[in-house]
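**Student:** Dropping the sequence and predicted coords here.
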Amino acid sequence: MKTKQEIIHLDFEKPLIALSKQISELEEKALKNGNSKIIIDLKNQYEKVKEQIYKNLSPIERIKIARHPQRPYPLDYIQSISPAWYELHGDRTGKDDAAIVGGLIEIDGQTIMAIGTQKGRNIKENQRRNFGMPSPEGYRKALRLFYHAEKFNFPIVTFIDTPGAYPGLEAEEHNQSHAIAMNLRELAGLTVPIIAIVTGEGGSGGALALGVANRVLMLENSIYSVISAEGCAAILWRTKDKASEAASALKITAQDLYKLGVIDEIIPEVEGGAHYNHNQTCENILNAIKSHLRELKELSPEELKTDRQEKFRRLGIFNRV
Amino acid sequence: MKTKQEIIHLDFEKPLIALSKQISELEEKALKNGNSKIIIDLKNQYEKVKEQIYKNLSPIERIKIARHPQRPYPLDYIQSISPAWYELHGDRTGKDDAAIVGGLIEIDGQTIMAIGTQKGRNIKENQRRNFGMPSPEGYRKALRLFYHAEKFNFPIVTFIDTPGAYPGLEAEEHNQSHAIAMNLRELAGLTVPIIAIVTGEGGSGGALALGVANRVLMLENSIYSVISAEGCAAILWRTKDKASEAASALKITAQDLYKLGVIDEIIPEVEGGAHYNHNQTCENILNAIKSHLRELKELSPEELKTDRQEKFRRLGIFNRV
Amino acid sequence: MGLKDFFKTRQLKKAAKLQSQLSTNGNGHDLKVEPSICDDQLCVLWTKCQGCNELLYTSELKKNHSVCKHCGHHHRLTAQERIDLLTDYGSFLEIDDNILPSDPLNFKDLKPYKDRLKEAEKTSNSKEAIITGIGSINNQPVAIGAMEFQYIGGSMGSVVGEKIVSLAERAIEKRIPLILVSSSGGARMHEGILSLMQMAKTAGILKKLHEEKLLYVSLLTEPTFGGVTASFAMLGDILIAEPRARIGFAGRRVIEETIRQKIPKDFQTAEYLLENGQIDLVIPRQNLKPLVSDLIRLHSQNTKLKTGISPFSKIPLFAGV
Amino acid sequence: MGLKDFFKTRQLKKAAKLQSQLSTNGNGHDLKVEPSICDDQLCVLWTKCQGCNELLYTSELKKNHSVCKHCGHHHRLTAQERIDLLTDYGSFLEIDDNILPSDPLNFKDLKPYKDRLKEAEKTSNSKEAIITGIGSINNQPVAIGAMEFQYIGGSMGSVVGEKIVSLAERAIEKRIPLILVSSSGGARMHEGILSLMQMAKTAGILKKLHEEKLLYVSLLTEPTFGGVTASFAMLGDILIAEPRARIGFAGRRVIEETIRQKIPKDFQTAEYLLENGQIDLVIPRQNLKPLVSDLIRLHSQNTKLKTGISPFSKIPLFAGV
Ligand SMILES: [Zn+2]
Ligand SMILES: [Zn+2]
């Protein structure tokens, strides 16, 4: 995606756009009249409003940023952070699911298996990539690549941005449940470092199937949830209109999940969201990967496996009476 | 199949049928005339002709016996030789291929994984079982069961009776080649005893995919070939009419393969072929399995694997100059 | 008002009441609510079959494990009934009954989660959506768990995850088989991401169990969906379902909304799964115990071949539970 | 008679001649015979493209690795040309060129196999259907083999099997990657069951190679079918095909006869395989060497992490070949 493209603004950014427009108009006049005091005031106001909006994003607003059509997608990160990129294809049994991409990249002279869910940028690409909703074959391709990484001792880095595993007839026929379950189980058994990064939407089991990692990271405006806010609202509030309430109740933001101890780090985005500056976000992601890889390198294969298993063994909050 | 059913005779058995009819007619007369000398002579002749026919079966005649519609099929053997039979189903990814059956049986207090290709007895069953021609999903089910056997240390016994792997559009789409190749490779790595028995048609790669065993046995009238005699004739002789020549040239009988050192034992059938007496054939098969299992039990897991790998490593005849 | 009408009215009322309680099951799959067969005094004598609408003597129905003698309909069992069905009388000792739900997210939709928990306990007469413990099946010790669908739709939150992991750890410690009976709408929304993480947590311990070469039999009963199917339920060495049980990843309604077409009637039934290669066996309830018992026996007798140690130690049943 | 007509007539004649020689290729797949680009004096200067019928300067075509500059058609390469394409100039040292075919079955169809072998040697200028040896790719040592389609349709008999196994054993011994380039109609009928057994033999050694965690890159070229696809060719860690190459299990004609319907045009092309998840990459010939080279590099650099030993030892190239 070209970053020169005009940014599509979100609802809650309207005050900023209004202010910005006002400033532009006044600046035009100012050129004639030299009346700059108002402009300076307005600009200060703009900065304040901006800070207020972006520092206090509600969960539903985070969802909108996480789903922003101009947000970088896994392939953007992958191709930006590595000079090499050899995409590998197919589950070997009948399909190459384009909703999941995977292949070899290189970071600091180390070969890494990169795997991600991938949305499309336009209708045609979205048809091909099924809006980033993987089929069982996609998860099986990922599993094949996990094994490949294990064989050659490649660390695994996953990029997660999916509404969820595809709920369709053929997906059920081809055993979506089993495909996800196997990935959960087999990821638990690998002896290479695994880093999972939720970059956009972390949609339920379909996201988790790439998420059983030694380190789970989230971009600042990404979300990760057991169910979509809309789906939850429809069931528990009996109307999708309550998605905002559901989003808040479910605790789906990076900030909430960090507090809950479910994720290990929040990777910062630029103000307004990653779509305002792809390059900066890619750089932040690359630095995060490098630093976690450095730490994980200190662990032996068996330690890596145990570390991962114990990490997930601990998750859950209950009372023991 | 009920064995009381009338036996369907093959072309080359015609002299016997004629003689048999003659004897019956004479016997009827003899009841009136007491003229039994001719009958005794005829009966002696019958025995001689019978011996001549059955001791000198040509390869194409063996093919006919191997494909005889009343011949016992793997499920007949499986259900006859074991008190327990728990069929296990499915490849877990979308299909349960009925052309391959597999599950748990018990012999001498030992659990065994039995796997076989399975033809149907009538049109409807043959549609379901695709005339015993497995799909990739069938081979993947078998592979799943191989792994199951390996996990629980069950010896594996395979029963092979297939024209070959199915050559169809969907089979190619789902990667028939890979399914077969994986079985060949993975069978080479197992540490449990494996016995393969060609019971009818051993059709090329589709048969071999269940045939990488420590012991490869063949029933007396079974065949095992790189290509069907008809297929070979069509290509090399340019007409399917030369199937008989092709059958002879290809060396496909148990007797030929034993001489070539490709198989380890010929399991006897009753005169005329297994379809004349299911029970006797089942008993012979059971005894063969028992005796080979006893021998293989003496080997350690690693020895079993090495034994199998070296067995196939040796196969092939060439000149080293 | 005749007897039939009387029941009809009562059951409609009860169904409505349950619907409101159960609408929160798991990920909100569109699972038909089945009123508990008999839970008040007026229903003591008679029960109306959910399959054929026949009025049945409740005591006879119970004796027949809640399977209708007319139409074979398998009514849902409570977790305790399931344990009683499978384990030897008096052999079951519950573990971890002191692990109770909390409200980690302070979750509130139209009702606070805390209130739902209290209601669920009353409705289901159970403290959470699973019972786990050690028992024996025809004198063979097992670690066994059964889910309680009446408790918030058998949904998996932190408690279910923890109890399954703890049970599997006992199985590993004692080297006995693991038996899990699923019945669930999926992950429990009210614990948000923590419920999702139970999928990875349960799958992770099953990796260990798998590496220890211990038997895990997963029994899928009406209904099993979402995060439960896509984690531990699909990972059995042997997968067994009850007739007509509905099992899948996505709920029927979600799929219909997604693909905008009608779904075949038998979609996601046990029989459909068998045909699509996803499970090993569909077994009527009355045959379950003998089957599971024999499978355990068959999986216990071989390992001495390899290591000299039986895989399932024959330690005294309740020693150190 | 213009230049075009002259070539057309010549090529038709040559095609007919080759057809008669090559009709025996492997399992007799219906593979279009492609006259060798240039094998007599009159064709020295000009070659007609098999893809677009353009007349091309032979020397330029050769310089372009026999890829047409107009339409991109990839003409078949001889085994030696393939080796030259992939390995560093002067680095390749052939091994096992003393392993030669025999006639184990005394096979005779319309012609004795012995005569066919002699003819094949003449036609193909090769002693068997594969060349194997040790070489380097951008200074990285590899064990490499390339099949010769002109030799009895690149069919696999005892010699091909033995040479592949021997090559893989060198790869294991030296801990270097294995590269195999396939081009074959399948198993060679004239050696009967022994040809079939080469499938198991080659797959068996690949199990060892796999356990040793060595890289195996399989390159599938026009055409690869039957017993070759269904054994070693499909077992690569990375599977690469050339554009438009036809690859499959069963031949097109066999499938059409079986299913009695027309087959889609792109069926069994490299692109079709990619779409159906069967191969990793489709790569134009000019990019092959850099790609394979980089893949080897990426697969060599990580293993020290785990064991302190690089997977591919950097031993002097020809030491003890
Ligand atoms: Zn009923
Ligand atoms: Zn051209």
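**Tutor:** Structure received. Residues are numbered from 1 along each chain as shown, chains lettered A, B, ... in the order given. Ligands and ions are numbered 1, 2, ... in the order given.

**Student:** So out of everything in the stretch 201-321 of chain A, what residue is nearest chain D?
**Tutor:** Going by Cβ to the nearest Cβ, chain D is nearest to A:Pro301 of the stretch 201-321 of chain A, at 5.6 Å. Yep, even glycine has a C-beta here, placed from its N, CA and C like the rest.

**Student:** So that residue sits against A:Val192, correct?
**Tutor:** Yes. A:Pro301 is within contact range of A:Val192, at 7.3 Å (criterion: Cβ atoms under 8 Å).

**Student:** More neighbours: which of those two?
**Tutor:** Neighbours per residue (other Cβ atoms under 10 Å in any protein chain shown) separate A:Pro301 from A:Val192, with A:Val192 holding more: 23 against 16.

**Student:** how much space between that one and A:Glu310?
**Tutor:** 17 Å (Cβ to Cβ, to the nearest Å).

**Student:** for C:Pro243, same thing?
**Tutor:** Applying Cβ to Cβ, the value for C:Pro243 to A:Glu310 is 40 Å.

**Student:** which residues of the chain fall in helices?
**Tutor:** Picked chain A for this. For chain A, applying DSSP state H gives helices covering A:14-33, A:37-55, A:59-66, A:74-81, A:123-129, A:136-152, A:169-173, A:176-189, A:204-208, A:229-232, A:243-250, A:254-259, A:278-296, A:301-313.

**Student:** that's the wrong chain, I wanted chain C
**Tutor:** C:3-22, C:58-63, C:79-86, C:113-124, C:158-174, C:192-211, C:226-229, C:252-259, C:270-275, C:288-300, C:304-307.

**Student:** Closest residue of chain C to chain B?
**Tutor:** Among the residues of chain C, C:Gly277 lies closest to chain B, at 3.2 Å counting by Cβ to the nearest Cβ.

**Student:** wouldn't that residue be in contact with B:Ile100 here?
**Tutor:** No. Using Cβ under 8 Å as the test, C:Gly277 is too far from B:Ile100 to be in contact (11.1 Å).

**Student:** neighbour count winner among those two?
**Tutor:** Shown here are C:Gly277 and B:Ile100; by other Cβ under 10 Å, B:Ile100 has more neighbours (30 against 25).

**Student:** Give me the pLDDT for the residue nearest to the more buried one when sequence neighbours are not counted.
**Tutor:** Spatially, and ignoring its direct neighbours in sequence, B:Ile100 is nearest to B:Gly138 (3.6 Å; Cβ to Cβ, 6 or more residues apart in numbering or on different chains). For B:Gly138, the model assigns a pLDDT of 98.

**Student:** Tally up the residues packed near residue 150, please.
**Tutor:** Unless you meant another one, I'm taking chain A. Neighbour count of A:Glu150, defined by other Cβ under 10 Å: 18.

**Student:** oops, I was thinking of chain C
**Tutor:** Other residues lying near C:Gln150 total 25 when counted by other Cβ under 10 Å.

**Student:** Next, find the distance separating the residue nearest to B:Ile100 from A:Leu16.
**Tutor:** 62 Å.

**Student:** ditto for A:Asn122
**Tutor:** For A:Asn122, the distance to A:Leu16 - Cβ to Cβ - is 27 Å.

**Student:** more crowded one of the two?
**Tutor:** A count of neighbours by other Cβ under 10 Å puts A:Leu16 above the other of A:Asn122 and A:Leu16, at 17 against 8.

**Student:** Correct me if wrong: the more buried one contacts A:Lys48.
**Tutor:** No. Shown here, A:Leu16 and A:Lys48 do not form a contact pair, counting by Cβ under 8 Å, at 10.8 Å.

**Student:** Can you check the pLDDT for the residue nearest to A:Ser20 when sequence neighbours are not counted?
**Tutor:** Spatial nearest neighbour of A:Ser20, excluding adjacent residues (Cβ to Cβ, 6+ apart): A:Tyr46 at 6.7 Å. The model reports A:Tyr46 with a pLDDT of 88.

**Student:** returning to what we had before: find the residues that touch each one of C:Gly277 and B:Ile100.
**Tutor:** Counting by Cβ atoms under 8 Å, 6 or more residues apart in numbering or on different chains, the contacts common to C:Gly277 and B:Ile100 are B:Lys141.
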